[in-house]
Structure formats: structure tokens, C-alpha cells
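Peer 1: quick one, structure for this:
(one chain, ligands or ions: 1)
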Amino acid sequence: MIRITHLTKTFGRFKALDNIHLTLEKGQAVSLLGPNGSGKTTLIKSILGLAIPEKGSIAINGQVISAGEQYRAGIGYMPQIGRYPDNMSIEQVLDMIKAVRGGAADYDEDLYTGFGLHAVRHKKMRTLSGGTRQKVSACLAFLFRPDIYILDEPTAGLDPVSSELLKEKIADERDHGKLILITSHVLSDLDGLTSHVIYLQDGRLLFHESVESLRSATGEEKLNRIIARIMQAPKMIPC
Ligand SMILES: Nc1ncnc2c1ncn2[C@@H]1O[C@H](COP(=O)(O)OP(=O)(O)OP(=O)(O)O)[C@@H](O)[C@H]1O
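Peer 2: You can find the predicted model right below:
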């Protein structure tokens with residue numbers, strides 16, 4: 001579904017992504033992990049066409065993304081920090097984006113309802129708390145029922161109840177065969193949610209494995225323990 005080959009992205013002389021090869025399939029929920037500055041957001045931006053790599057290619061459902069922007073309609077993206085027109089209300093932002101996308105017969109408004117955004121729909125974006133802004137971003141990512149979700153720190157700033165609601169929604173989409181790529185530094189948020197782990201370090205792919213095989217290689221159950229074990233003894237992962 002997403003095939004990345006020989007992807008290299010530089011900023012000046014600095015290699016933010018170094019010869020990345022990856023294939024991600026439908027029905028997978030993939031944790032994109034790595035220390036600060038390891039290239040996670042750059043990889044996400046490359047998939048979204050917001051960063052242009054110097055080398056390599058990305059294909060989505062067999063279409064090379066540099067050939068056109070239409071593929072983006074099939075991706076629900078939740079950015080780390082959502083930026084919206086300050087003077088528009090939540091309702092106006094949602095209506096504007098629906099209009100720009102040409103409308104749809106059947107919006108997914110589960111999160112809009114679940115987060116209770118209806119009650120605050122007239123509030124201006126500039127007046128929203130960080131968590132409420134995050135809820136608007138989540139709502140927009142799911143609204144058009146995409147096949148692929150790219151979620152950059154989706155639970156950051158959400159209260160525990162909203163965070164659980166979002167995680168349940170992500171799990172539900174995964175169970176319906178969608179592809180989910182998710183970054184988070186809160187590994188406990190990813191436990192039970194993700195099927196595979198991609199680990200980047202200094203722009204390089206350290207490993208891409210199923211959670212199941214990482215569990216059997218490390219003997220650990222929880223993702224934070226699995227990652228800690230691998231960092232202590234990287235050779236336990238064959239790549
Ligand atoms: N526009 C840019 N110009 C120059 N350097 C950049 C730019 N964007 C990213 N970088 C650099 O590329 C590297 C990878 O950044 P990136 O944001 O992809 O990391 P990350 O893994 O998402 O980090 P974090 O976990 O902190 O969000 C960093 O060293 C960053 O400083």
C-alpha cells in the first residue's frame with residue numbers, strides 16, 4: 001500500500017533520511033519510533049508530499065506520489081500541531097474543509113460527537129485550548145473515511161478520556177483493514193494498538209518488525225520494555 005524505496009532527504013549537508021526502504025500494508029498499525037530528531041516527521045512529510053526527497057521514491061497503491069497530488073485525498077493526516085485560521089470557528093473550519101474537498105456522502109463524525117465538539121462549535125480557533133485544537137485535528141483526520149491514517153503524536157495534549165476515545169477509534173479503523181502510521185513518545189499509548197514497529201535513528205532505518213517478533217526476540221511484553229531491551233543489545237534484531 002505504501003512502498004518507499006531508497007528514500008534520502010537532506011537539509012543542506014545534513015541527511016535527515018538516509019536510504020530508507022519500507023513497505024507498509026493494509027490492516028497494519030505501524031508505530032514510527034525513534035529519538036528526537038531521528039527523522040520521523042520528515043518521513044511523514046515526505047509521504048504527504050510536504051518534503052521533497054533528493055533520492056528515492058514513494059508509491060501509494062502503486063502510484064508514485066511525485067506524479068500528482070490526488071493520492072492525498074486517501075490519507076487522513078493528524079499533524080503534531082494543527083494550524084488553522086485564527087478567526088474561524090470550529091464549525092467554519094470543518095465546513096471550509098468539507099467544501100474544499102468537494103463534500104462527501106457520508107462523513108465519519110464519531111470523534112466530533114465523542115469529543116463533544118458540537119457544544120463548542122462556535123468557538124474561534126484562536127480561543128481553543130491545546131487539547132481542543134488537537135480534537136479538531138483528530139476529527140478532520142477521520143472525517144473523510146480515508147484508507148490511510150498518518151497520526152503524528154495524536155494523543156499529545158488530550159485528557160485521559162479523550163485519549164482513550166481516540167485510541168479506540170484508531171483500533172476500530174485498524175480492524176477495518178485501514179493502514180495506520182502513528183508516532184508517539186508515549187509508548188504505553190501504542191501498546192495493544194500497533195502491529196508493527198519502525199525504528200529510525202539518525203535518519204536511518206534501524207529495524208522494521210512485527211510486534212510479535214519483537215516480543216519473541218526480546219522476551220518482553222510492553223513496547224517500552226521491548227525498545228529498551230533492543231537499545232541495550234541492538235544485535236538481537238536481525239537487520
Ligand atoms: N526544514 C528543516 N530544515 C533543516 N533541518 C530540518 C528541517 N526539518 C527537519 N530538520 C532536521 O532534520 C532532523 C529530523 O527532524 P524530524 O523533525 O524529522 O525529527 P523527529 O524524529 O520527528 O523528531 P521529534 O521526535 O523531536 O518530533 C532534525 O535534526 C531536524 O533538525
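Peer 1: in the sheet, who's paired with Val30?
Peer 2: Leu181, His196 (DSSP bridges).
Peer 1: who touches it in this structure?
Peer 2: Contacts for Val30 (C-beta atoms under 8 Å, 6 or more residues apart in numbering) come out as Leu24, Leu179, Ile180, Leu181, Ile182, Thr194, Ser195, His196, Val197, Ile198. Placement of C-beta: from N, CA and C, glycine included.
Peer 1: of those residues, just say which sits nearest to the ligand.
Peer 2: The ligand lies nearest to Ile198 out of the contacts of Val30, by C-beta to the nearest ligand atom, at 11.3 Å.
Peer 1: surely the closest one is within a strand?
Peer 2: Yes: counting by DSSP: H, G, I helix; E, B strand; the rest coil, Ile198 is located in a strand.
Peer 1: hang on, Lys9 is in a helix, isn't it?
Peer 2: No: in this structure, Lys9 is strand, not part of a helix, as judged by three-state DSSP.
Peer 1: OK, contacts around it?
Peer 2: Lys15, Ala16, Leu17, Gly39, Thr42, Ser46, Ala51, Ile52, Pro53, Glu54, Gly203.
Peer 1: switch to 10 Å and redo it
Peer 2: 15-18, 20, 39, 42-43, 45-46, 51-56, 203 (C-beta atoms under 10 Å, 6 or more residues apart in numbering).
Peer 1: swap in Thr127?
Peer 2: Counting by C-beta under 10 Å, 6+ apart, Thr127 has contacts Asp86, Ser89, Val120, Arg133.
Peer 1: any of the contacts of Val30 buried? List them.
Peer 2: Neighbour counting by 16 or more other C-beta atoms under 10 Å classes Leu24, Leu179, Ile180, Leu181, Ile182, Thr194, His196, Val197, Ile198 among these as buried.
Peer 1: need the max-distance pair from those.
Peer 2: For those, the maximum inter-member distance is 14.7 Å, found between Leu179 and Val197 (C-beta to C-beta).
Peer 1: please list the residues outside stretch 157-164 that contact it.
Peer 2: Here stretch 157-164 has contacts from 80-81, 111, 114-116, 129-135, 137-138, 154-156, 165-167, 186, 189, using C-beta under 10 Å, 6+ apart.
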